[in-house]
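Participant: sequence unavailable; structure follows:
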């Protein structure tokens with residue numbers, strides 16, 4: 001393990017973190033001067049950490065980043081920003097240390113949950129910081145890191161492909177840094193477009209920025225505990241539906257659309273399957289809400305059915321109604337959507353459509369092989385042959401995802417939750433949806449969790465955002481001790 005190279009790259013990440021802190025510091029100077037010291041202290045600590053990383057790290061500007069170091073930078077980078085992101089909450093004195101980390105992780109992982117019983121407890125500058133953690137985590141802290149670090153050979157692509165999660169990451173441009181910059185440009189441009197549209201329908205600038213960032217990050221942070229129910233606005237809901245679908249679509253497809261390659265979008269099998277899943281879920285919810293009499297008119301059933309299907313399918317976690325009052329079937333549909341997630345290369349969480357497609361194709365291939373042992377079976381997705389190594393990686397990821405879900409559900413049940421509530425909250429946090437069911441439904445906060453429960457949820461959020469492997473491999477002693485490459 002080349003620790004010095006890892007520390008040098010973490011220093012670059014810490015420097016970018018310092019730059020982001022200037023935004024809430026400016027907000028505090030303008031609207032919330034009582035908390036200027038909070039962000040000044042956080043900035044000072046971040047600067048000291050940056051200097052420490054730079055002093056202990058390698059002085060080489062260009063080198064070969066191996067897979068081992070790439071994994072270390074990715075995992076430690078996420079843990080570092082989550083820890084540093086907790087400092088503004090800690091210095092403000094409004095919550096205990098575990099809760100500070102909880103709020104920070106909820107923001108950076110785009111889970112979008114909170115433990116406070118009223119957002120009025122947060123000063124304006126802290127609300128700005130919460131919004132920024134969503135933005136920073138939405139595109140991926142490491143994606144931003146790639147754009148500022150020197151061009152390196154070797155396994156720099158590991159960082160890019162991990163942030164473009166899903167098992168079949170596709171690099172849009174030949175150089176990784178160019179691809180990362182393109183994604184940042186698309187991400188920022190879409191946020192600006194949504195802000196403009198929200199302003200056009202009468203939402204004030206402060207809430208427009210927060211809602212646009214929360215939507216494009218598929219995070220779901222809101223200024224209200226009842227989410228979008230508080231707005232009670234069809235235009236706002238329509239805008240959010242459109243941009244939730246956009247945010248959960250592979251961003252590389254937008255680059256191709258920019259170059260008038262419309263056929264690429266139409267032929268993308270993952271995108272078409274994703275829209276099919278959303279349409280099927282919306283149809284099932286609409287029919288259930290209407291024919292059970294939960295909604296009085298078909299129009300209301302259609303509106304709420306489409307919104308909640310897209311919200312959960314994209315793992316955003318917004319709520320336009322208290323779906324805990326819906327039937328068991330409707331809640332079960334939403335529960336399944338948590339696991340599905342959006343497309344690879346998007347800001348959405350969950351297992352991802354492409355992985356589920358590979359699993360289904362592999363299962364079908366094994367079935368045919370059992371019936372025709374002599375027949376050569378090949379796993380294809382969208383006309384592309386999937387090699388056995390990729391199939392194996394996806395299978396192992398799926399097993400670990402379900403295994404983590406089972407273990408964490410058992411642990412959170414020790415906090416006194418029912419079986420269904422326990423499974424719902426772990427599914428919601430592991431997939432970065434946020435809003436769960438029962439006592440942790442869309443109109444509730446996570447304030448009912450004990451300290452032990454909050455630690456479990458923190459682990460669940462990190463495992464989901466880092467997609468299991470990266471966080472688990474850091475716990476292996478031989479990962480840090482051995483010198484041979486991976």
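Facilitator: Looks like it arrived, so ask away. Note that the structure is predicted; figures quoted are calculated from it, not measured.
Participant: C-alpha only now, for contacts and for neighbours.
Facilitator: OK.
Participant: how long is stretch 241-252 from one end to the other?
Facilitator: End-to-end distance of stretch 241-252 (Cα to Cα, to the nearest Å): 20 Å.
Participant: tell me how far that stretch lies from the chain's centre.
Facilitator: Counting by Cα atoms, centre = their mean, to the nearest Å, stretch 241-252 is centred 13 Å from the centre of its parent chain.
Participant: then stretch 14-28?
Facilitator: Relative to the centre of its chain, stretch 14-28 is centred 21 Å away, using Cα atoms, centre = their mean.
Participant: in it, which residues are buried?
Facilitator: For stretch 14-28, a neighbour-count test (16 or more other Cα atoms under 10 Å) marks 14, 15, 16, 17, 18, 20, 21, 23, 24, 25, 27, 28 as buried.
Participant: mind giving me the domain ranges of the protein?
Facilitator: 1-169, 261-338, 353-430+449-479 (automatic domain parsing).
Participant: and the ones you listed: which comes nearest residue 218?
Facilitator: Nearest to residue 218, of all the domains of the chain, is domain 261-338, at 4.0 Å by Cα to Cα.
Participant: can you tell me the SS state at residue 222?
Facilitator: Assigned by DSSP: H, G, I helix; E, B strand; the rest coil, the conformation of residue 222 is coil.
Participant: if you could redo that for residue 378, that was the one I meant.
Facilitator: coil.
Participant: isn't it up against residue 364?
Facilitator: No: contact criterion Cα atoms under 8 Å: residue 378 and residue 364 do not qualify, at 10.2 Å.
Participant: what score does residue 130 have for pLDDT?
Facilitator: On pLDDT, residue 130 comes in at 86.
Participant: if we can go back for a sec, can you redo the buried residues of stretch 14-28 as TSV with pLDDT?
Facilitator: Formatted as TSV, the buried residues of stretch 14-28 follow (pLDDT from 0 to 100):
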residue	pLDDT
14	88
15	88
16	84
17	88
18	90
20	87
21	90
23	88
24	89
25	91
27	86
28	88
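Participant: for the protein, longest helix please?
Facilitator: helix 3-31 (DSSP state H).
Participant: and that helix, how far out from the chain's middle?
Facilitator: Centre to centre, stretch against its chain (Cα atoms, centre = their mean), the figure for helix 3-31 is 20 Å.
Participant: and the next helix or strand past that helix?
Facilitator: As assigned by DSSP states H and E, the chain's next helix or strand after helix 3-31 is helix 36-56.
Participant: buried residues in that next one?
Facilitator: For helix 36-56, using 16+ other Cα under 10 Å, the buried residues are 36-40, 42-43, 46-47, 49-51, 53-54.
Participant: over to stretch 384-403?
Facilitator: Applying 16+ other Cα under 10 Å to stretch 384-403 flags 386, 391, 394, 395, 397, 398, 401 as buried.
Participant: quick one: low-confidence ranges for the stretch 51-200 of the chain?
Facilitator: For the stretch 51-200 of the chain, the stretches with pLDDT under 70 are 60-65, 118-120, 140-180.
Participant: can you give me the strands in it?
Facilitator: Using DSSP state E, counting those that start in this stretch, the strands found in the stretch 51-200 of the chain span residues 64-65, 153-154.
Participant: narrow the buried residues of stretch 384-403 to those in helices?
Facilitator: Counting by DSSP H, these contribute 391, 394, 395, 397, 398, 401 to helices.
Participant: what about the residue located most distally from the centre of the chain, which SS state?
Facilitator: For the chain, the residue at maximal distance from the C-alpha centroid (Cα atoms, centre = their mean) is residue 374, at 43.2 Å. Of the three states, residue 374 takes coil according to three-state DSSP.
Participant: can you give me phi and psi for it?
Facilitator: phi -80, psi -10 (degrees, to the nearest 10).
Participant: which pLDDT value belongs to it?
Facilitator: pLDDT at residue 374 comes out at 73.
Participant: now it: how far from residue 363?
Facilitator: From residue 374 to residue 363 the distance is 17 Å (Cα to Cα).
Participant: would you map the strands across the stretch 351-486 of the chain?
Facilitator: 380-381, 384-385.
Participant: which residues are contacting the first one?
Facilitator: So that's strand 380-381. Residues from elsewhere that reach strand 380-381 (Cα atoms under 8 Å, 6 or more residues apart in numbering): 269, 357, 358, 361, 386.
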